[in-house]
Structures are given as structure tokens and as C-alpha cells.
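# Sequence and predicted model, in that order:
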Amino acid sequence: MALGLEAKLGDNVMTSTLDYIVNWGRENSLWPFVYGTACCAIEFMSTAASLHDISRYGAEVVRFSPRQADLLLVCGTVSYKQAPILKRIYEQMPEPKWVIAIGACASSGGIYDNYCTVQGIDTIIPVDVYISGCPPRPEAILDALMKIQDQIRGESVLVDRHKEFKGILD
Amino acid sequence: MNATALENFQAAFPDATCKAVLDSVVIDVQPDKLESTLAGLKNDPAFNCGLLLDVTGIDYRDYPETKDARFYVVYTVRNWQDNLLVQVRTPVADPEKGIPTATHLFGSALWGEREVWDQYGINFQNHPDLRRILNHYQFEGHPLRKDYDIRKGQVCIGNDSLEKEIRARLANNGVAESTMKDINTEIMFLNLGPSHPATHGAIRLLTALDGETIMANVNEIGYLHRGFEKTSENLTYNQIIPLTDRLNYCSSMMNNIAYVKAVESWLGVEITERAQFMRVVLSEFYRVLDHLVCIAANMVDMGGLTNYWYLYNEKEAAYDFISRLTGARLTSSFTRIGGMYRDFYEGWESDLELHLRDIEKGIGDSIKLVLKNRIVHDRTKGVCVLSAEDALSYGFTGPTLRASGVPFDLRKDAPYYNYESFDFEIPVGSEGDIYDRIMIRFEEMFQSIRIIRQAMKFIPEGSVFIEDSQVVLPPKADVYNNIEGLANHFKLIFEGVKTPAGEWYDSYEAANGELGFHFVSDGSGRPYKLKVRPPCFYIMGGFHKMVEGNMIADAVINLGSINIIGGELDR
Ligand code: SF4
């Protein structure tokens, strides 16, 4: 039974907070941009394929243009040669946007502690969720997606995200 | 290598010293004789070495034995018809001055020598396009030199425009400045990648278009350069195995096998019969998986998403099956020097058969969709044709070479692990177009399944490890219960498997072609130098030969049909 204002307005009207409604929409229709560079991207393919089926979380609309995406999935090793490209892609994505670092390489450089590999993409762009594993299993990628959903639920449309971030390329 | 063959070489190249190493002939020449030696090897019908497999440099700065020059360059060439492998070595007295180029003899030298310049800073006189290839254009120094610190990263800002290169390519293809300015034929530059859905990884294609026709094409790679070779110099031989997984990650175990096979060949280790059969079964299984992904992705590029599900679902199921054996879905690390990590599990054989049947069904379904499909035919037949001559010149191997009509396959031409006793065929194309490349992969999957079934029928029982305490780890019971076992374990883990000092090259037929490893050992448990000869690298080096004159949309499916895998391409 409806109470207060809702009781007055009748059966067809519900009230809520703006944040709640917007976040509900955002969390269930994340459009990922897959920045797949290496082995981990193969596991993303599995996550998207029939068995693990990422569309159960509303995130199956994989975009190949950063301008249409709000979730950046970095799957694989990022070298110094790629770093400016990754940064450019991130900057092209409209706000609000979230980033998942998939696998050891994207999170920390992984087994490649050497002259050509960026030691974690968080030296270039801000990261929201990290996934361990080399490569992580598809379940882990889905788990990260749910973590992002949780995070979105706690956010407010009025607060800007990651304004002060400074990376090695800034 | 028999003695007469060696004498023939010595007679043909009197100024050089020739010696036999494993199955190859190694010729040491001075730089002034390098050109004539390579030309002789290529053009003399007695040698007929038309396939330049690889070019690499060596830095002997920290090598225990002093050499007459700090740097050497090694060219590896092959006569594919008679299974003749030759390495030509030449000292480089002054890297700035360098040595003469071989680009006028072999197309594959274009990229091979660029890589040597990039990694070692050795100049090649008269090379038409000597610049960075794996490292970024703002990089300073040469990372594979022994005095370059492995941790010294260099930040890159921005991108190389490649404008000079594409204009040179246009001029080379006979497109004059005036045509480019003419309003009717104005050339448009179109950049694809490095992050583009059709590149399946990070590769950058720059094209100059007239309408939709590609007038010139220049490609940039190196976006996934992860320093495999430098990292390997600091690891023991067994520690490198996980790194090899990540070369061609669609068929990780093939890299594992190729790598340990190369080390074992130098150690003179003959692995057990059972291990050999296991390696055959697993190689062929992974060949199937690799081709599945390649064709599935290629069909998506063409717009056939249904094919993708038919093929990819089988691969997905196979991943779980593989993880039951190796513990990992993708990165298997399943081999060890001297054998395998462990034996097949109980019930493997029936599981395998089930998967083979599913795979056959998936392939069958997919073939039904493409074989008589007008769209597939129109888009692939006679498109992006590559002649056998060009394919050989650019160092192509594997299915892409065979599609151009050259029946070279190491499993037939230089058999290992009893491949000569299996009953299978090597499919060969007639046109060298995209259609042939796709169909050859389809057919190879059926042939691989044939080999697997034969091998599973004849696989003997027994150990999967040789017995040699210098090479393989002792059983765990010994490690925990007696001091000899413990000491043995400790030594092998910390110092690695010791290989005799020397240099050698060994190769293996991977899903994409000849996967070779060139080692330099200083006698310790870590390689002094390790160079991979990746099949993709040279195939990508000849990409412009396939696409120029075709449409931009064809370039996209052509890229899918040659199966470029970043991990292997850029290492
Ligand atoms: S984390 Fe492992 S699997 Fe993923 S890209 Fe890096 S090396 Fe490959």
C-alpha cells in the first residue's frame, strides 16, 4: 500500500530519488568498450559467448567507439607504445565512465616487469576495479562487472568522478 | 647433416668457414662477402635457399668467450624442398657503419633487419626503410644490447604519423604527386587501428585510398611488444615456459612444445615415446583450436555471426576440457624440458573423443553455411591474391604459404615425433586468395583430427619423463625424504637446466607456420640470448603485397584470414 504522496497520486505514480533511478538505469545497461590487446581478450570473448553470456547483466552491447561506451575494459598488456592510445580512448568516453583492469598485466604489468610494459594502467588512467589472474576466468570478469554495479548504486549524479587524477602522461 | 653436403658448401664459399650444427649448416663470413654468400645460397640451384626465415643480432659483450666482434648478425635461410637449413653469420665491427642489407634478395629482410636495428642498433647499409619496428618512435637506445637495463622504461607521447612512409610507398607503386592532387583521383588516407574491432588486437594499418581501392599500405606493429626476449635472458630454461604460452595465446601449448623441443634438441635429450605421442596429440588438438578461433573471427568480419557461435562454442567447451588436464584454460604451461608436466588423467581418452565429435559437428555446420554461400565466394575468391614467389620472398610459412601453392610443412619435410609414420595429408591451395586460406584451415582441422585418432590408438604406456637428474626434477618423495633428492631439486630450480655453450636453431610447425627458436648459450642454466622466429611477424611484413590494389573492406577480411596474433607478432 502506498503512503504519503504516492497515496495521493494514485496507482500509476511512484516516487524515488533521482540518484536511485539514474543509477538503476546505469548499472543495468553498461555499454562496454573492449580495449583488448592480448591473451586476456580471449577470455573476454568467452565471457561474451553463450555459456557465460554477459547479457544477463545488461552489458552485452559491446561498442567499438569509445564515444558510445561507458565501461572501459582493458584486457591485456599495455605497452608504453600503446599508452597514449589508451589514454586517448579514455578521454573520448563521455562521463560517467568506469574502468576495469582485467588481468595481471593491466593491473600491474603482470609477468612483464621490463622496459616496454606499463606497470599497471592506473599510471595512465583511473581504475575502478582490478581483476587478478593471468588470464582471469570469465566468472571473475562477471564478478568485476557486478562490483561496478555495486559501486554505481552508491554514487550520486551530482558528484564528479576522478577529477584530480594525474598519470605519467599528464 | 652429412659430410658431402658440408663439403659442397665449403667448395661453393671458399672464403667462409662452414660447420654443421644439429641439422643445419652454419657459415661464417666477413661482411664484404655477406651479399655474395646470401645471393649464392638463394640463386645457386644446388642450394636453392629461397626462404629467408629470420634475421637476428647477437651482442657478445658479456659472453665468457671473447669473439672477434661485439655484435654478430645471423641470417637463417631454408631450402624448403630439400630440407636444408643454413645460417649465415657475420661479425659487425662497427654497428654505426653496419653491414650491407639483404633486402634486394629477400622481402622478409625488410622487417627482419628493421628489428635488428631497433633491438641492437646495427645499421644495414642501403636498407630502404630502416626505423623502429617493435619499440615506439621516441625510444632511445637499443634494448637487447647487454648494457641496456631491462627495467628502463621510456614513456611515449603521441603517435608516429607514418606520412613519409606511405608517400614513399605511393611513389613506389607509381602514383605520382600530380595524380594525388588531381581532384578526380584525390588520394584519401585512411587509418585503421591500433584499436579497431577488425584488427583483433593492436595493429595499425594505414592505407592510401582512391575511392575504395587501396593504392598503398603501410603497417605499424609493436603495440604488444612485451620484451619476451630480454626477459628470457634472466630466467632459467624451465621458467621461460610460461612466457611462451603468451606468444600465440590461441594455441599456447604449441609454443610450449616448440620451445622445449628446441632446448631438448641441443641437450641431445630423446624424450619417452609416450611423451612424444602426447605432444603430437596436444599439438594437433591445439592446431584445431587455433584454426577454430581464426575462422570464427574471420567469419564475423564477413558478417557471419552464426558461424562464430558454431565454432566458438566448441572452443569454449574445449577450454574447460583442457583446464581439466593442465589446470588452466588458456595458458597451459604443460611441458617441461625432458617431458610433460603430467600424464593424461583417467578418462581423458573418452573425453577427447567426445570433444572431437563435437568439434567435427561444429565445423560441419559451419562449412555448410559457407561452402555454397554466394556472399562468402564473392568476397573471398580471387581477393587479396598472393603469388607463391612473393609468399616465399616475404618469409611466409604455414597455412598462408600453403594457400599460395607451396606444399611446405615441417611435419612432412623435416618430421619430428614420428610424424612420418602418421597418415595425413597437407592441403595446398591453388590461387593464394582468401578463399584458399580459409579452406586450408578447415581442411587442416580434419587432418589434425585424423592424426589425433591415430596417435591415441598407438600411444604406448610408460613414463612421460626421461630419467636424467641433470634435466628433470626428482620425484617429490625423494625431495622430501632424502638429501640427494632435495639437493638435486634445489640445484635444478635455482640454477636451471645447464645447456652446453653454443648456438643453435630449432623449429616446429605451429598453427601459423614455422615457429623457430634461436638460442645462444654460455653454458649456464639461463639462455644468453633467445630469439623467437614468429610466423606472424613475417606474414604481416608481406601484408601490403596482398592488399594493394584491392578494396579496403577486403583488407579487413584478409587480416582475419592470416591470423595475426599480437603476442607472437610483437613478442
Ligand atoms: S594477464 Fe596474463 S593472460 Fe592476461 S594479458 Fe597479461 S599475460 Fe596475457
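Thanks, I have it. Numbers count the residues shown, from 1 in each chain, chains lettered A, B, ... in the order given.
# C-alpha only now, for contacts and for neighbours.
OK.
# Provide the backbone phi and psi angles at residue B:540.
Torsion angles at residue B:540 (phi, psi; degrees, to the nearest 10) stand at phi -60, psi -30.
# Run a quick neighbour tally on the nearest residue to it once chain neighbours are set aside.
Among residues not flanking residue B:540 along the chain, residue B:564 sits closest, at 7.3 Å (C-alpha to C-alpha, 6 or more residues apart in numbering or on different chains). Neighbourhood size, residue B:564 [other C-alpha atoms under 10 Å in any protein chain shown]: 22.
# In a helix, residue B:564, correct?
No: applying DSSP: H, G, I helix; E, B strand; the rest coil, one finds residue B:564 to be coil, outside a helix.
# For residue 103, list the residues it contacts.
Since no chain was named, I'll use chain A. Counting by C-alpha atoms under 8 Å, 6 or more residues apart in numbering or on different chains, residue A:103 touches A:40, A:75, A:76, A:110, A:130, A:131, A:132, A:133, A:134, A:135, A:136.
# try again with chain B
Residues near residue B:103 by C-alpha under 8 Å, 6+ apart: B:109, B:110, B:127.
# The residue nearest to residue B:540 and residue B:249: what is the separation?
Using C-alpha to C-alpha, to the nearest Å, we find residue B:564 at a distance of 11 Å from residue B:249.
# same check, this time on residue A:115
In terms of C-alpha to C-alpha, residue A:115 sits 22 Å off from residue B:249.
# how about the residues of chain A that lie near the ligand?
Within chain A, the positions adjacent to the ligand are A:38, A:39, A:40, A:76, A:77, A:103, A:104, A:105, A:110, A:134, A:135 by C-alpha under 6 Å from any ligand atom.
# how about a cut-off of 5 Å?
Residues of chain A lying close to the ligand (C-alpha under 5 Å from any ligand atom) are A:38, A:39, A:40, A:76, A:77, A:103, A:104, A:105, A:134, A:135.
# Counting neighbours, what do you get for the first one?
Residues lying near residue A:38 (other C-alpha under 10 Å) number 27.
# Was I right to think it contacts residue A:79?
No: Residue A:38 is beyond contact range of residue A:79, at 10.9 Å (criterion: C-alpha atoms under 8 Å).
# which residues do the two both contact?
Contacts common to residue A:38 and residue A:79, judged by C-alpha under 8 Å, 6+ apart, are residue B:224.
# Just list the residues touching residue A:138, thanks.
A:43, A:44, A:46, A:47, A:52.
# quick one: which of those is nearest residue B:365?
Minimum distance to residue B:365 across the contacts of residue A:138 is 20.2 Å, recorded for residue A:46 (C-alpha to C-alpha).
# Name the SS class of residue B:309, please.
helix.
# wait, residue B:192 sits on residue B:208?
No: using C-alpha under 8 Å, residue B:192 is not in contact with residue B:208, being 11.2 Å away.
# For these two, indicate the residue with more neighbours.
Taking neighbours as other C-alpha under 10 Å, residue B:192 and residue B:208 compare with residue B:208 leading, 25 against 17.
# Setting aside sequence neighbours, what's the nearest residue to that one?
Spatially, and ignoring its direct neighbours in sequence, residue B:208 is nearest to residue B:189 (4.5 Å; C-alpha to C-alpha, 6+ apart).
# okay, now that neighbour: neighbour count?
16.
# repeat for residue A:120
20.
# How much space separates it from residue A:5?
Distance, residue A:120 to residue A:5, using C-alpha to C-alpha: 51 Å.
# gap between stretch A:158-165 and the chain center?
Its chain's C-alpha centre and that of stretch A:158-165 lie 16 Å apart, by C-alpha atoms, centre = their mean, to the nearest Å.
# ok, back up a step: format the residues of chain A next to the ligand as CSV; extra columns: pLDDT and secondary structure.
Listed next are the residues of chain A next to the ligand as CSV, based on pLDDT from 0 to 100; DSSP: H, G, I helix; E, B strand; the rest coil:
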residue, pLDDT, secondary structure
A:38, 85, coil
A:39, 85, helix
A:40, 87, helix
A:76, 87, coil
A:77, 90, coil
A:103, 90, helix
A:104, 91, helix
A:105, 90, helix
A:134, 87, coil
A:135, 88, coil
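# Surely residue B:506 and residue B:530 touch.
No: when contacts are counted by C-alpha under 8 Å, residue B:506 is not listed as touching residue B:530 (11.5 Å).
# quick one: common contacting residues for those two?
Common neighbours of residue B:506 and residue B:530, using C-alpha under 8 Å, 6+ apart, are B:517, B:518.
# Quick check: chain neighbours aside, which residue is closest to the residue in chain B that chain A sits nearest to?
The minimum distance from chain B to chain A, using C-alpha to the nearest C-alpha, falls at residue B:153 (4.0 Å). Excluding the flanking residues, the one nearest residue B:153 by C-alpha to C-alpha, 6+ apart is residue A:115, at 4.0 Å.
# okay but that neighbour is in contact with residue B:152, surely?
Yes: using C-alpha under 8 Å, residue A:115 is in contact with residue B:152, at 4.9 Å.
# which residues sit in contact with residue A:79?
Residue A:79 makes contacts with A:116, A:117, A:118, B:223, B:224, B:225, B:226, as judged by C-alpha under 8 Å, 6+ apart.
# neighbours around residue 46, how many?
All of this is about chain A. Residue neighbour count, defined by other C-alpha under 10 Å, stands at 21 for residue A:46.
# looking at chain B here, not the other one
For residue B:46, the neighbour count with other C-alpha under 10 Å is 13.
# can you check residue B:431 too?
Neighbour tally, residue B:431, other C-alpha under 10 Å: 20.
# distance of it from residue B:375?
The value you get for residue B:431 to residue B:375, if C-alpha to C-alpha is used, is 18 Å.
# Equivalent analysis for residue A:156, please.
Going from residue A:156 to residue B:375 by C-alpha to C-alpha gives 50 Å.
# For the residue nearest to residue B:106 when sequence neighbours are not counted, give me the pLDDT.
Of all residues not flanking residue B:106 in the chain, residue B:393 sits nearest, at 5.2 Å (C-alpha to C-alpha, 6+ apart). Residue B:393 is assigned 88 on the pLDDT scale.
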